[in-house]
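Peer 1: everything below, folded, please.
(one chain, ligands or ions: 1)
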Amino acid sequence: MNVLLTGAARGLGLGICAQLAARGDTVFAACRKRNAELDAILSTGKVHVIEGVDIAMDDAIAKLKAGIAGSPLDAVICNAAVNASFDTDGIADLDLDISLHEYQTNALGAVRTVKAALPSLSTGAKILFITTGPQALGKKAPAPGVYGYRMSKGAMHTFANLLTLELEPRGIAVQIVTPGSIDTKMLWAVWEAGRTPNPPKDALSIDEGAQRIIARMDALTLEQTGTWVSNLGVPEPY
Ligand SMILES: NC(=O)c1ccc[n+]([C@@H]2O[C@H](COP(=O)([O-])OP(=O)(O)OC[C@H]3O[C@@H](n4cnc5c(N)ncnc54)[C@H](OP(=O)(O)O)[C@@H]3O)[C@@H](O)[C@H]2O)c1
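Peer 2: Numbers count the residues shown, from 1 in each chain. The predicted model follows:
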């Protein structure tokens, strides 16, 4: 498969990149800055690093397009995201500049990624959006706060739903996937801010999380388009 992946240099994205490369897929690995961990994967497979891609910036579209260089894509994984508001207790201390950055990254960053990929997608292609747990969004959230991150993921969900409607006639499947808690830098920051009772050491490893995402990507068909799969449960209409 030819896969475009954002946030490929660290965390869950690096794990996904490594596993796809190991099984022989071609990965267009977008990142802001390459590093030794990503470079170590290059020799194991067909990984093309697209460096200097800040998905919060509009020039990401041109940079991603140039990096794909007209190659047909079988899948796009919108993985890159930022959670900078995990320490927000309530609306009183909500920092709107931080919220705007989260929106630019998590919501519009996904839009930019898809805009860049769309000319390279055709019938049978798949688009996955990595998201937070359903319990973190909406009225069932265990506690208020973390406004910016949660709102930006909510906006990404709306984008995914509208995209589903637009792309289904073209035979392109869209799915939102919650991987579960994964032992990454993001989860550590949430833990250290006292925002989760579950220590990262009890979370899934990056390898396990990456396996889950790849399993979802492999299983996704047009029949499942428009679904949200939480923690590898059954795809549910959303
Ligand atoms: N970890 C969890 O428990 C968990 C649970 C549910 C959902 N998720 C989701 O899983 C995905 C991966 O998160 P993670 O846990 O791997 O977090 P992470 O370790 O913090 O990694 C975040 C990734 O996003 C990239 N990124 C952030 N802002 C970017 C920008 N403006 N432009 C380009 N890349 C940017 C980072 O790149 P740099 O290296 O350049 O910073 C990094 O590769 C996210 O969508 C997150 O919301 C995670």
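Peer 1: spatially nearest residue to the residue in the chain that the ligand sits nearest to (excluding sequence neighbours)?
Peer 2: Shortest the chain-to-the ligand distance, computed as Cβ to the nearest ligand atom: residue-wise this is Gly11, at 2.4 Å. To be clear about C-beta, it is placed using only N, CA and C from the backbone, and glycine gets the same treatment. Using Cβ to Cβ, 6 or more residues apart in numbering and skipping residues adjacent in sequence, the residue nearest Gly11 is Thr184, 4.0 Å away.
Peer 1: quick one, phi psi at that neighbour?
Peer 2: phi -130, psi 180 (degrees, to the nearest 10).
Peer 1: do the same with Ala29
Peer 2: Dihedral angles for Ala29 - degrees, to the nearest 10 - are phi -100, psi 100.
Peer 1: and the gap between it and Gly13?
Peer 2: 8 Å (Cβ to Cβ, to the nearest Å).
Peer 1: those two: which is more packed in?
Peer 2: Just comparing Ala29 and Gly13: by other Cβ atoms under 10 Å the higher neighbour count belongs to Ala29, 29 against 26.
Peer 1: tally of neighbours for the spatially closest residue to that one that is not a sequence neighbour?
Peer 2: Of all residues not flanking Ala29 in the chain, Ala8 sits nearest, at 3.5 Å (Cβ to Cβ, 6+ apart). Neighbour count for Ala8, taken as other Cβ under 10 Å: 34.
Peer 1: for Ala8, report the pLDDT, please.
Peer 2: Looking at Ala8, its pLDDT reads 98.
Peer 1: so how far is Ala136 from it?
Peer 2: In terms of Cβ to Cβ, Ala8 sits 24 Å off from Ala136.
Peer 1: repeat for Cys31
Peer 2: Cys31 is 26 Å from Ala136, by Cβ to Cβ.
Peer 1: looking at the two, which one has more neighbours?
Peer 2: Cys31 (23 against 19).
Peer 1: what about Asn83, which SS state?
Peer 2: Using DSSP: H, G, I helix; E, B strand; the rest coil, the structure places Asn83 in coil.
Peer 1: all helices for this protein, in order.
Peer 2: Secondary structure of the chain by DSSP state H: the helices cover 11-22, 36-42, 59-68, 96-102, 108-117, 147-167, 185-192, 206-219.
Peer 1: out of the ones you listed, flag the one nearest Val3.
Peer 2: Proximity to Val3 (Cβ to Cβ) singles out helix 11-22 among those, at 5.8 Å.
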